[in-house]
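J.: Task: produce atomic coordinates for the following.
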Amino acid sequence: MMNSTLQRQILLPLIEQAIADGARAQQACAQIGMSVRTLQRWVHPCGHEGDRRVSTLRAHSVPPNQLSQAEREAAMSVLNSEEFKDLPPSQIVPRLADQGK
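T.: Down below sits the predicted model:
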């Protein structure tokens with residue numbers, strides 16, 4: 001399976017050639033199973049930008065609120081303690097808040 005950037009690099013020159021040879025854009029796109037709207041996006045003045053989804057632009061980094069390993073171990077020891085081991089988090093958190101922890 002090709003990704004959209006590779007598809008664009010292969011198909012756009014072929015479609016442009018078909019249009020230059022006299023075919024209508026709709027017919028050229030229909031022959032390869034692509035919508036005319038996709039062609040319009042591809043030839044938009046912004047150029048060939050590739051995949052602009054946020055997930056592809058975002059660097060895979062650690063979230064700023066992620067617990068450190070020490071914090072995680074401390075939380076797990078409290079959650080697994082004898083006092084809280086049989087309670088759901090929805091009951092543990094208020095009890096800890098009442099205790100000032």
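
J.: Contacts for stretch 72-80, please.
T.: Contact with stretch 72-80 is made by 67, 84, 85, 89, 92, 96, 101, as judged by CB atoms under 8 Å, 6 or more residues apart in numbering. Any C-beta I mention is one placed from the backbone N, CA and C, and that applies to glycine too.

J.: now the helices: where do they sit in the chain?
T.: Under the criterion DSSP state H, the chain carries helices at the ranges 4-20, 25-32, 36-42, 54-57, 69-79, 89-99.

J.: List of residues touching the third one?
T.: Same thing as helix 36-42. 8, 12, 15, 25, 26, 28, 29, 48.

J.: Alpha carbons of that helix, in CSV - could you do that?
T.: Output in CSV follows, covering the C-alpha atoms of helix 36-42 (Å, rounded to 0.1, in the frame of the first residue of the first chain):
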residue,chain,number,x,y,z
VAL,A,36,-11.6,15.4,-8.5
ARG,A,37,-11.6,17.1,-5.1
THR,A,38,-8.4,15.1,-4.3
LEU,A,39,-6.8,16.4,-7.5
GLN,A,40,-7.8,19.9,-6.6
ARG,A,41,-6.2,19.6,-3.2
TRP,A,42,-3.0,18.2,-4.7
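
J.: Quick check: buried residues in it?
T.: For helix 36-42, the neighbour count (16 or more other CB atoms under 10 Å) marks 39, 42 as buried.

J.: What mean pLDDT does it get?
T.: Taken as a whole, helix 36-42 has a mean pLDDT of 86.

J.: Same check on the shortest one?
T.: Averaged across helix 54-57, the pLDDT comes to 60.

J.: related to what we said a few turns ago, looking at the contacts of stretch 72-80, which gets the smallest pLDDT?
T.: Taken together, those show their lowest pLDDT at residue 101, with 80.

J.: ok, now which ones touch that residue?
T.: Per CB under 8 Å, 6+ apart, neighbours of residue 101: residue 78.

J.: So it versus residue 81, what's the distance?
T.: To residue 81, residue 101 is 12 Å away according to CB to CB, to the nearest Å.

J.: Pull up the per-residue confidence for residue 8.
T.: For residue 8, the predicted pLDDT is 83.
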